[in-house]
Each structure stands twice: as structure tokens, then as C-alpha cells.
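> Quick one: sequence and predicted model below, then my questions.
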Amino acid sequence: MRLIFRDAIEFDPAQSDITASHGEAIIRPTRFAIDAIDLVSAGDRGNRVLGAHAVGVVEQAADKSLCQRRVIVRPIVSCGECDLCVRGLREHCRERQVLGLTRDGCHQSPLCVPTANLIPIPEQLDDDGAIFAPMVARAIHAARRLRVEARPYVTVLGDDAQALLCAQHMTRLNASVRVIGEQPRRFQLCEKWQVKHRHADEIGRRADQDVVIISRGVAEPLDLALRLVRPRGKVVLLPGIVAGAFDAGAIIATEAELVGVETGPIDEALDLLARDEFDTASLVERRLPLASGAEAYRLAARADALHVLMDAA
Ligand SMILES: [Zn+2]
């Protein structure tokens, strides 16, 4: 059974007839989430199984130490041999493929993926927590690229699950964080985490923020970010955003640095999640079976949706 995009998202209930070839493993998935990458994939890509990530149990693998382990699948498939892979930049491999975007993805059961894409999940972390690891990993990677130190002023533009996890992580790192969003329900969550929040209509544009992180949930976010960031500050762009119109002259005038973040260290994210460093339970909007995947995607694409999970059965 699988979720496939033809002209629209369709559920195909047939059991996939899968055999693993060399370097691959067969996984029995238990949990899926609809990530920002998936919302990009669910455009006009045609006849491809969706899904950048899944959590599940390894049923077959040439590496017997992996069998029956709980794992999360990471989305970038790399060759391991090109100059970029050799330099440690596997996510930027010359031959890279992205699950669900440029090759069949994870929203199917059973599932066959390269063994190199499997990351074991710590025992104390349940599947619901583990499925948030890719988003926590982006927050970790963003903070590293920004070199967050001292107590910077950070504005997070957007109030989807990715934005709120970035806000939680930057707060952990002692940044002064505020979330700018449009959904009043999210403000209650921010209050629970003692993160400042404002509605997008209520903010001044004083060009005093060291960092502005753009996720989904605010209109024309790049234009707004360039008004908020201080001269020579940094603007982070996360997957799934629609940058909208912006004035290139503003980048030149502010000398702002644009930083793209696509993925991050999922193994480190799993460890932090296992130590209960993030509130992920509050970020689950709905839970649906894979068979209701089309509805799950419609729900996840809504501006007011948080994270939508799918169960395999
Ligand atoms: Zn490569």
C-alpha cells in the first residue's frame, strides 16, 4: 500500500512486491509525518510515491545488526564516492536523490531504502517523538550555521511545527526569541514554553534582529525579514517557504546574509528528543491512517495546521 501522486494524491492499497537489492533494507513502517519537503513534492511531480521520512522496523537487511531495529529514514540518497561525499558533504552529493521528490519516497508499506539512509532510534524515544527528528535536526543545523553565541535577538517568522521547534531550540541556546505568526492558538503554546510571540500585524520594523528564521505561516516573509534584520544580520530560509516578492536592493543595502537550511544531523536530534529536550506532543495536529493520506496532505497544507502524523495501519 502506498500514497502516490499522479494528478492528485491517491492511495494505492496493493501490497508492494519489494525485494531488497545490495545495500538496501526492507522496512515495516509504523509512523509517517508530512514534512515541508513533502508539501513541495506533492506538486506536479507525477507518478511517484510521496514521503521524505518514515519511522519503522527493519525486516531485512544484509547488515544483520540492523534487523528488527527501530529506525528513521533520512531523505537524501547520496553516492558516497563523489568529491562532495568524500569531503563530508553527503547531503550535497553530485548524484543526490531526494526520497519522495526525485525518487519513490517513504509513504508506503513495506518500504525499501538504502541501508545508508537508516538511523537507529534510541530505545527510550517512542515513534511519535522520533518522527520529529528531521525538523529538530534542521533547527540544530541552522543554529550551527548561524554560530549562535552570547544572547542574540532571534525572530522566527511563521508558526508551523518547524518554526516552533526552531524557537524551542534557539531558546535552549539562550537566544532572546520571539515568534511572529498569524494563528492565535500557537500563542498559547509559546506561552507554555515562555517564548515571546506577536501577531504579524503588530510588529515594528526596526531592523534590529541579529537573526530572522523564515518558516511557513507568514505572507511575504522574505520582504518582512529584510525589514526586521539588522545590518549584516542573518536570514535563514527553511524548506517549504514561499518567499514571495522581495527587494534585492534591501539585501544589498542591509548586507544581510541569506542562509539556506534543508536537513541536519538527525542522529543528534534523536538524542536530544530522547532526553526530552523538546515538547513535540503539543505539535501533533491530527493522526490519520496511511489509507487517509490524501486527506492528511490536504490538512497539512492548511495554513493553520501543525504537524500531521500518519499510522501505517
Ligand atoms: Zn556523492
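Good, I have the coordinates.

> Name the helix or strand for Leu222, please.
helix 221-228 (DSSP states H and E).

> Now tell me what touches whichever helix or strand comes after that helix from outside.
Remark: after helix 221-228, the chain's next helix or strand is strand 229-237, criterion DSSP H and E. Strand 229-237 has contacts (CB atoms under 8 Å, 6 or more residues apart in numbering) with 142, 145-146, 207-214, 222, 225-226, 243, 254-261. C-beta here means a position set from N, CA and C on the backbone, and glycine is covered the same way.

> of those residues, list those near the ion.
Among the contacts of strand 229-237, no residue sits close to the ion (CB under 5 Å from the ion).

> Filter the residues you listed down to the buried ones.
142, 146, 209-214, 222, 225-226, 254, 256, 259, 261 (16 or more other CB atoms under 10 Å).

> Would you mind listing what in the chain touches the ion?
Ser78, Cys79, Cys82, Cys85, Cys93.

> 6 Å - rerun?
For the chain, the contact set with the ion under CB under 6 Å from the ion comprises Ser78, Cys79, Glu81, Cys82, Leu84, Cys85, Cys93, Arg94, Glu95.

> OK, contacts around the fifth one?
Spelled out, that is Leu84. Residues counted as contacts of Leu84 (CB under 8 Å, 6+ apart) are Arg90, His92, Cys93, Arg94.

> Let me see the backbone angles for it.
Torsion angles at Leu84 (phi, psi; degrees, to the nearest 10) stand at phi -70, psi -40.

> which non-adjacent residue is nearest it?
His92 (5.0 Å; CB to CB, 6 or more residues apart in numbering).

> repeat for Leu288
Using CB to CB, 6+ apart, the nearest residue to Leu288 is Ala296, at 4.6 Å.

> For that neighbour, give its distance to Gly51.
Relative to Gly51, Ala296 is positioned 11 Å away (CB to CB, to the nearest Å).

> ditto for Val195
Distance from Val195 to Gly51, by CB to CB: 30 Å.

> Give me the more crowded residue out of those two.
Set Val195 next to Gly51 and count neighbours by other CB atoms under 10 Å: Gly51 wins out with 31 against 20.

> SS state for that one?
Following DSSP: H, G, I helix; E, B strand; the rest coil, we place Gly51 in the coil state.

> Among the buried ones among the contacts of strand 229-237, name the ones in strands.
Counting by DSSP state E, the buried ones among the contacts of strand 229-237 place Gln209, Asp210, Val211, Val212, Ile213, Ile214, Val259 in strands.

> Which two of the residues you listed have the greatest separation?
Using CB to CB, those span at most 14.7 Å, a distance reached by Asp210 and Ile214.

> pLDDT value on Val261, please?
Confidence at Val261, expressed as pLDDT, is 95.

> right, and it touches Ala143 too?
No: judged on CB atoms under 8 Å, Val261 makes no contact with Ala143 at a distance of 9.7 Å.

> any residues in contact with both of the two?
Counting by CB under 8 Å, 6+ apart, nothing touches both Val261 and Ala143.

> Can you pull out the residues in contact with the helix or strand where Val177 lies?
Following DSSP H and E, one finds Val177 within strand 176-181. Residues outside strand 176-181 that contact it (CB under 8 Å, 6+ apart): 151-159, 163-164, 167, 170-171, 186-187, 190, 195-200, 203, 217-218, 224.

> Just the buried ones from those residues?
Among those, those classed as buried by 16+ other CB under 10 Å are 152-159, 163-164, 167, 170-171, 186-187, 190, 195, 197, 200, 217-218, 224.

> that older thread, the helix holding Leu222 packs against which elements?
strand 153-157, strand 209-214, strand 229-237, helix 248-254 (3 or more CB pairs under 8 Å, 6 or more residues apart in numbering; DSSP states H and E).

> Export only the CA atoms of that helix, formatted as PDB.
The C-alpha trace of helix 221-228 is given here as PDB (Å, rounded to 0.1, in the frame of the first residue of the first chain):
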ATOM      1  CA  PRO A 221       8.200  36.500   4.700                       C
ATOM      2  CA  LEU A 222      11.500  37.500   2.900                       C
ATOM      3  CA  ASP A 223      10.400  41.100   2.400                       C
ATOM      4  CA  LEU A 224       9.400  41.200   6.100                       C
ATOM      5  CA  ALA A 225      12.600  39.500   7.200                       C
ATOM      6  CA  LEU A 226      14.700  42.100   5.400                       C
ATOM      7  CA  ARG A 227      12.900  44.900   7.300                       C
ATOM      8  CA  LEU A 228      13.500  43.200  10.600                       C
END
